[in-house]
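> fold the following.
(one chain, ligands or ions: 2)
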Amino acid sequence: AELHYRVGGALSALRGRSSVVKAVDGVSFDIHRGESVGLLGESGCGKSSIGRLLMKLEDATGGEIVFAGEPISGLRGAALKCYRAKAQLIFQNPFDAVNPRFTIRATLAEPLENAGIPAGEREARIIAALELVRLPQPAQFLDRYPHQLSGGQLQRVVMARALILQPDFVVADEPVSMLDVSVRAGVLNVFRDVRDRLGLTAIYISHDLALVRYVCERTIVMYLGRIMEDGPTEDIVHEPLHPYAKALVAAVPVPHPDQSHDPLPIGRGAPDPRNPPSGCVFRDRCPRAFDRCASEVPQLRQIGTRKVACHLF
Ligand code: SF4
Ligand code: MG
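Ligands and ions are numbered 1, 2, ... in the order given. Next up, the predicted model:
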């Protein structure tokens, strides 16, 4: 049995009270069980929206997300609760992800309680989850509050909470970008180890190619709500095909997680996502653009090991 997520058609997200932003347009991908996929792109490219839509934290106004053969838009009640336990999101800022008035014990007990785990079993599950994310001497943290932990410690607690109900898949949205550079690799190592040990399907959302490369065997490069290239991470790093992917790789020749690569080189002054260019959304920044790029939207095509959306291919 494989997991399939197909985000097809124009998947739009409701933002605020009234505005509808076409967050991702014509994005379609399948993720297989146990796969680790990086969604790489600058802010505003729609990658976080995909994460939130996959978690059903936002409802899509179009398109479809299918989990294990079942469109998630139709999930209600117990089925939705079950999906929510299987699908977990790890947020960017661990301090925003927890209730500051809850102790670490209470933070981790909450999902267990919601899932109907008897009170007598919870403490052992909490300790086991904290050991899984390699928080040293976990018992000493149970009565502490979030502000008494470092960012790196709290992100491990947040990971433990996401994993405590043994999910099938995890979406991590820039999980280390708020952390000190010196602790990032440690948190990423825990993430990789746990993923491998539990056989998790993971989606890792980031603007940082170095981090995606460290965590994911496959990368989906996005620009303005569209997939530009999708394929094995090492193939993209060593020989990017799409002009946008080429620019990303050129900016970070030897990606390594100990270095922080802030913004993408051509990320500034990107066109307004509400009013994208006609044809190829990358065309006003593409050094290779030609006539057809203005008139025709390039479709994703299989090129060897990957898929590329560019008229050059
Ligand atoms: Fe550049 Fe045209 Fe390819 Fe878009 S389709 S990336 S504008 S060459
Ligand atoms: Mg984001």
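> how about the residues of the stretch 201-313 of the chain near ligand 1?
Within the stretch 201-313 of the chain, the positions near ligand 1 by CB under 6 Å from any ligand atom are 242-243, 280, 282-283, 286, 288-289, 293, 298, 310-312. (Each C-beta comes from the backbone N, C-alpha and C, glycine too.)
> helices of this protein, start to end?
Assigned by DSSP state H, the helices in the chain fall at 47-54, 77-86, 94-97, 104-114, 119-132, 151-163, 181-198, 209-215, 233-238, 243-251, 291-295.
> can I get the ones you listed in a markdown table with distance to residue 65 and mean pLDDT?
Output for the helices of the chain, formatted as a markdown table (distance: least, CB to CB, whole Å; pLDDT from 0 to 100):
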| stretch | distance to residue 65 | mean pLDDT |
| --- | --- | --- |
| helix 47-54 | 6 | 78 |
| helix 77-86 | 11 | 85 |
| helix 94-97 | 23 | 87 |
| helix 104-114 | 22 | 95 |
| helix 119-132 | 27 | 95 |
| helix 151-163 | 19 | 92 |
| helix 181-198 | 21 | 87 |
| helix 209-215 | 22 | 89 |
| helix 233-238 | 23 | 94 |
| helix 243-251 | 25 | 90 |
| helix 291-295 | 30 | 95 |
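> any chance of JSON lines for these, columns distance to residue 169 and mean neighbour count?
Shown next, in JSON lines, are the helices of the chain (distance: least, CB to CB, whole Å; neighbours: other CB atoms under 10 Å):
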{"stretch": "helix 47-54", "distance to residue 169": "8", "mean neighbour count": "24"}
{"stretch": "helix 77-86", "distance to residue 169": "7", "mean neighbour count": "13"}
{"stretch": "helix 94-97", "distance to residue 169": "18", "mean neighbour count": "18"}
{"stretch": "helix 104-114", "distance to residue 169": "16", "mean neighbour count": "19"}
{"stretch": "helix 119-132", "distance to residue 169": "17", "mean neighbour count": "16"}
{"stretch": "helix 151-163", "distance to residue 169": "10", "mean neighbour count": "24"}
{"stretch": "helix 181-198", "distance to residue 169": "10", "mean neighbour count": "17"}
{"stretch": "helix 209-215", "distance to residue 169": "14", "mean neighbour count": "24"}
{"stretch": "helix 233-238", "distance to residue 169": "18", "mean neighbour count": "18"}
{"stretch": "helix 243-251", "distance to residue 169": "25", "mean neighbour count": "20"}
{"stretch": "helix 291-295", "distance to residue 169": "36", "mean neighbour count": "13"}
